[in-house]
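For reference, the sequence and a predicted model appear below.
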Amino acid sequence: MNNVTSEYLIALMNAAINAGAPPKVPDGMDLHELFELAQFHSVANIVLYMLEKTGADIPKDTAALFAQERDKAILADITFQMDYEELSAAFREHGLRFLPLKGILMKQHYPQSDYRTMSDIDILIDDENAQKVRSVMEELGYETVEYNLGVHDVYHKLPVTRIEIHRELFGADGREYAAIFTDPWAMCCTSGDALQFTDEAFFIFLLAHGMKHYELGGTGIRTFMDIHLFIQHLGKHLDLKRIYETFETVGQRKLCESFIALSEMWFGGNTRTEALTEMERYILLGGTYGTFSNQVETAIKEKGKAGYVWNKLFPDLITMQHHYPMLKKAPVLLPVFWIVRIATKPFINRRQNAEKIKALLKK
């Protein structure tokens, strides 16, 4: 990763979300490399807007790639918002309690809603309503992609809409944060005819979700743009001391403080500090959703190489229950399902498995 390229990308994002003048393209910069890094972090559409403001001479092939990402982002933005409105109305009509999460609400804080790209719409429901929700989704033309295989169900509708219906906010991954949200519905307020997290609860969830992904392999620039914009627009409703204390109860205060510090270093004008250099590198190398190399690196630091391998072969009961729901009723069958997992895992997600093995051999 070229440091000049990554620094310029951050500078462009800073200008975009803070309504500043984007800096000129540094002499000799490879704009195709800039495109690849921006695409890796799901912000190529914003980069094009900023480059156009600078009057940059973008090579024809690279310009076409940028334009494709911008057009995809605009289409997805319009479609997601229309489908969310339809879905919300249907849930209310059927008396289903639901709570929108993350991106679909963060869009309102960006200068343009299409700046905030997203891969899916995340919605929390009551577990006992999962089957009823499935019926509503299918009535609306969604295909059921995954159902009752973990803590969320997945639905898809052409051309781009993917919905994740959560029955819990955190599964085996990020389970420490579940302790903060033992009753998420009690952390809500009403906004019009919709149920939403209070501002502080939303911010805590935004942080917790990003921190979870960070520990699992990385989370992208977009997470820190969200954090900065939320502080910028709703900071007066946030008690940072109480938020830090909340994360201290689950042993994650330091990471929480670093997340906020990095967002304000990149986008809030705070002085650059060397203490955040390693986190910055890890995030920039991880892209929007992190990499398996980062995931393996983090796990080995925590458990050692042997511990990492053992954990992958024999996950604990809570982890296994999220993948094999039958274990919730019959935990005594855990050894049986370890064998099932070992026998079937090599044939599922082969690319991911290969990447994890490759990363493990490097460490």
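Noted; the coordinates are in hand. Note that the structure is predicted; figures quoted are calculated from it, not measured. Numbering: from 1, shown residues only.

hang on, residue 338 packs against residue 312?
No. Using Cβ atoms under 8 Å, residue 338 is not in contact with residue 312, being 11.1 Å away. All C-beta spots, glycine's among them, are computed from the backbone N, C-alpha and C.

So residue 53, which state does it fall into?
Secondary structure, DSSP: H, G, I helix; E, B strand; the rest coil: residue 53 is helix.

returning to what we had before: for residue 338 and residue 312, list the residues in contact with both.
Contact criterion Cβ atoms under 8 Å, 6 or more residues apart in numbering; residues shared by residue 338 and residue 312: none found.

give me the low-pLDDT residue ranges for the protein?
1, 288-310, 318-323, 345-363 (pLDDT under 70).

And the strands in the protein?
For the chain, the strands defined by DSSP state E cover 98-101, 121-125, 143-146, 152-157, 161-166, 188-191, 194-197.

Reformat those strands into TSV and put mean neighbour count and distance to residue 63 next to each item.
Converted to TSV, the strands of the chain look like this (neighbours: other Cβ atoms under 10 Å; distance: least, Cβ to Cβ, whole Å):
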stretch	mean neighbour count	distance to residue 63
strand 98-101	20	35
strand 121-125	21	30
strand 143-146	12	34
strand 152-157	19	31
strand 161-166	21	28
strand 188-191	12	41
strand 194-197	18	39
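
Out of these, which gets nearest to residue 209?
strand 98-101 (8.0 Å; Cβ to Cβ).

neighbouring contacts of the closest one?
Contacts to strand 98-101, defined as Cβ under 8 Å, 6+ apart, come from residues 84, 88, 91, 121-125, 166, 169, 184-185, 188, 194-197, 205, 209.

swap the cut-off to 10 Å and go again
If you take Cβ atoms under 10 Å, 6 or more residues apart in numbering as the criterion, strand 98-101 is touched by 84, 87-88, 91-92, 121-126, 129, 133, 164-166, 169, 184-185, 187-188, 194-197, 202, 205-206, 209.

chain center to it, what's the gap?
Centre-to-centre, strand 98-101 and its host chain are 15 Å apart (Cα atoms, centre = their mean, to the nearest Å).

Which strands border it, and is each parallel or antiparallel?
When pairing is defined by DSSP bridges, strand 98-101 lines up against strand 121-125 (antiparallel).

tilt between the partner strand and strand 152-157?
Computed by axes from the mean of the first three to the mean of the last three Cα atoms, to 10 degrees, the angle separating strand 121-125 from strand 152-157 equals 130 degrees.

quick one, what contacts the spatially closest residue to residue 137 that is not a sequence neighbour?
Computed as Cβ to Cβ, 6 or more residues apart in numbering, the closest residue to residue 137 that is not its neighbour in sequence is residue 155, at 4.7 Å. When contacts are counted by Cβ under 10 Å, 6+ apart, residue 155 touches 87, 120-121, 133-134, 136-138, 140-147, 161-165.

From the rest of the structure, what touches stretch 47-59?
Residues from elsewhere that reach stretch 47-59, judged by Cβ under 10 Å, 6+ apart: 8-9, 11-16, 20-25, 29-32, 34-35, 37-39, 41, 43, 62-71, 73, 111-112, 114-115.

List only buried entries from these.
Using 16 or more other Cβ atoms under 10 Å as the burial test, the contacts of stretch 47-59 include 8-9, 11-16, 22, 25, 31, 34-35, 37-39, 41, 43, 62-63, 65-66, 69-70, 73, 114-115 as buried.

Contacts only, for residue 8.
Here residue 8 is in contact with 2, 22-26, 29, 31, 34, 37-38, 47, 50 (Cβ under 10 Å, 6+ apart).

Leaving out sequence neighbours, find the closest residue to residue 74.
Leaving aside its sequence neighbours, residue 74 sits nearest to residue 114 (Cβ to Cβ, 6+ apart; 5.0 Å).
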